[in-house]
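Q: Let's see this in three dimensions:
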Amino acid sequence: MKKKNYKRLVKQLKSELTSKNGPLKSAGYNCNGKPMKKGEFLIGDNDELMFTISCLLKTCILALEGDANFSLSTMNKADPKASVIVSLEFINSLLPREQMVVLDKISELLK
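A: Modelled structure (predicted):
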């Protein structure tokens with residue numbers, strides 16, 4: 001590949017990569033020298049958010065109550081408790097704290 005073509009290709013690739021909104025975005029801070037990213041997903045309303053959190057919690061409860069074995073051979077060495085811990089941390093980050101504060105303020109105003 002000629003040097004001109006290579007440079008043009010690299011420029012096009014950079015342009016494509018910077019113009020796309022991927023699932024991960026910069027969180028704006030570093031942890032242990034590594035830039036942290038944040039993921040986002042769409043939720044229709046607060047009821048859907050609470051339903052999603054409830055389903056995730058039920059999944060964790062079922063995982064902890066089960067025999068703690070994965071049936072897939074590729075996952076048989078996975079630690080179910082560690083997986084539940086990561087899931088619970090994710091669920092905790094989903095809790096709608098800001099919405100609840102606003103709801104409390106609205107409730108106070110309506111009284």
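
Q: Nearest residue to the middle of this structure?
A: residue 39 (4.6 Å; Cα atoms, centre = their mean).

Q: Surely that one and residue 24 touch.
A: Yes - the criterion here is Cβ atoms under 8 Å, and residue 39 meets it with residue 24 at 5.7 Å. For the C-beta atoms, the positions are set from N, CA and C on the backbone; glycine is no exception.

Q: Show me which residues of the longest helix seen in the chain are buried.
A: Ranked by residue count and defined by DSSP state H, the top helix of the chain is helix 46-65. Burial within helix 46-65, assessed by neighbour count using 16 or more other Cβ atoms under 10 Å, is assigned to 53, 60.

Q: now swap in stretch 89-101 and tell me
A: residue 91.

Q: that older thread, who's in contact with the longest helix of the chain?
A: Here helix 46-65 makes contact (Cβ atoms under 8 Å, 6 or more residues apart in numbering) with 43, 80-81, 83-84, 87-88, 90-91, 94-96, 99.

Q: 6 Å instead?
A: Here helix 46-65 makes contact (Cβ atoms under 6 Å, 6 or more residues apart in numbering) with 43, 80, 84, 87, 88, 91, 94, 96.

Q: continuing past the longest strand anywhere in the chain, what's the next helix or strand?
A: The residue-count maximum for a strand in the chain (DSSP state E) belongs to strand 24-31. Next in sequence after strand 24-31, counting helices and strands by DSSP states H and E, comes strand 34-39.
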